[in-house]
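K.L.:
just the structure for this:
(one chain, ligands or ions: 2)
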Amino acid sequence: MAAPVIQIENLNLHYGAFHALKNVNLAIGAREITALIGPSGCGKSTLLRCLNRMNDLVPGCRIEGAVRFEEKDLYARGVDVCGLRKRIGMVFQRPNPFPLSVFENVAFGLRVSGLTDRASVNAVVERSLRGAWLWDYVKDKLGAPALELPLDQQQRLCVARVLAVEPEVILMDEPCSALDPISTAKIEELMLELRAAYTIVIVTHNMQQASRISDRSAFMLMGEMIEAGGTLGLFTKPTDKRTEDYITGRFG
Ligand SMILES: Nc1ncnc2c1ncn2[C@@H]1O[C@H](COP(=O)(O)OP(=O)(O)O)[C@@H](O)[C@H]1O
Ligand SMILES: [Mg+2]
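P.N.:
Ligands and ions are numbered 1, 2, ... in the order given. Down below sits the predicted model:
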């Protein structure tokens, strides 16, 4: 595999009394697509959220272990969580543009970081929209409300919003689950294109999607990491019986 950018080490997460992640270990390779797979409720989203500390806000959530990003533990004291979420951005299951214009959605992170120079903001917005394959669709309606775009364009706008702050890693939690097959295909193509420059971790319950786009797959079950490896190998020659049962559709 590619050199890991993220190393998840002995990660345990409790929601109150519920043990949601059980001693999870996983390496995420640079400029690869890693797919987290497994039946609903196994902890995929929880694990994904640990990678940019989105669980911090959940009351009663307790995390032990380490998530090393470029060698440093994200959970160490003194980590700048806002800065971290720019470097490790997130795209959610339902497109969630802000109730602002197309332009302001993409410019949002720049404004928060205090970038005011108009030409620079314009340049970043255009570059990000191009990067998310959206520019040609929206260049003539940058002032229109983002929520009026078709759903797949809203999702690509959310990708553009993440790209604008120049992340290294993009986390995607079932980014196609609200989309039809044609829109899904567009997002998948986009992910393959983004892989040239970014590390991507995607949660998907769609086995075909995982096998089409991911370089590595990690199979989880009831909070445990059962098996991780190259996608082709994992899908054709799983080493654990439970992985085999899942990918052949015997449960989940
Ligand atoms: N905020 C929360 N509070 C309590 N339990 C939660 C919370 N989020 C998720 N869980 C529980 O943790 C388990 C894993 O959930 P999740 O990570 O969403 O699974 P997946 O994404 O694989 O469907 C589930 O049993 C779920 O009910
Ligand atoms: Mg989930």
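
K.L.:
can you name the residue of the stretch 101-250 of the chain nearest to ligand 1?
P.N.:
Val203 (6.1 Å; CB to the nearest ligand atom). Just so you know, the C-beta spots here come from the backbone N, C-alpha and C atoms, and that holds for glycine as well.

K.L.:
beta partners for that residue?
P.N.:
Following DSSP bridges, Val203 is listed with bridge partners Leu36, Asp173.

K.L.:
surely Tyr75 touches Arg53?
P.N.:
Yes: the criterion here is CB atoms under 8 Å, and Tyr75 meets it with Arg53 at 7.4 Å.

K.L.:
thinking again about what came up before, quick one: residues contacting the residue of the stretch 101-250 of the chain closest to ligand 1.
P.N.:
Neighbouring residues of Val203 by CB atoms under 8 Å, 6 or more residues apart in numbering: Ala35, Leu36, Lys44, Ser45, Leu48, Met172, Asp173, Glu174.

K.L.:
list the contacts for the second one?
P.N.:
Contact criterion CB under 8 Å, 6+ apart gives Lys44, Leu47, Leu48, Val201, Ile202, Val203, Thr204, Ser217, Ala218, Met220 as the residues in contact with Leu36.

K.L.:
just the ones of these in strands?
P.N.:
Val201, Ile202, Val203, Ser217, Ala218, Met220 (DSSP state E).

K.L.:
what's the distance between the residue nearest to Ile6 when sequence neighbours are not counted and ligand 1?
P.N.:
Leaving out its chain neighbours, the residue that sits closest to Ile6 by CB to CB, 6 or more residues apart in numbering is Ile28, at 3.9 Å. Per CB to the nearest ligand atom, to the nearest Å, Ile28 is found 17 Å from ligand 1.

K.L.:
surely Ile28 is in a strand?
P.N.:
Yes: judged by DSSP: H, G, I helix; E, B strand; the rest coil, Ile28 forms part of a strand.

K.L.:
that one contacts Val201, correct?
P.N.:
Yes: with contact defined as CB under 8 Å, Ile28 reaches Val201; the gap is 5.9 Å.

K.L.:
list of residues touching the helix or strand where Met90 lies?
P.N.:
If you go by DSSP states H and E, Met90 is part of strand 88-91. Here strand 88-91 makes contact (CB under 8 Å, 6+ apart) with 48-49, 51-52, 54, 69, 155, 158-159, 162-163, 165, 167-173, 175.

K.L.:
and stretch 136-156, by the same measure?
P.N.:
By CB under 8 Å, 6+ apart, stretch 136-156 touches 91, 95, 97-103, 105, 125-126, 129, 132-134, 157, 175-176, 178-180, 182-183, 186-187, 190.

K.L.:
in helices, which of these appear?
P.N.:
Judged by DSSP state H, helices contain the following of these: Val102, Phe103, Asn105, Val125, Glu126, Leu129, Leu157, Ile182, Ser183, Lys186, Ile187, Leu190.

K.L.:
within its local environment, how many residues does the first one see?
P.N.:
Applying the criterion other CB atoms under 10 Å, we find 27 residues in the vicinity of Val102.

K.L.:
what pairs with the strand holding Met90, and is each one parallel or antiparallel?
P.N.:
When DSSP bridges is applied, strand 88-91 pairs with strand 169-173 (parallel).

K.L.:
quick one: buried residues of the strand it pairs with?
P.N.:
The neighbour-count check on strand 169-173 (16 or more other CB atoms under 10 Å) flags Val169, Ile170, Leu171, Met172, Asp173 as buried.

K.L.:
out of those, who's nearest Ala210?
P.N.:
Of all the buried residues of strand 169-173, Ala210 sits closest to Met172, with 12.1 Å by CB to CB.

K.L.:
could you double-check that the closest one sits in contact with Val201?
P.N.:
Yes: counting by CB under 8 Å, Val201 is a contact partner of Met172 at 7.2 Å.
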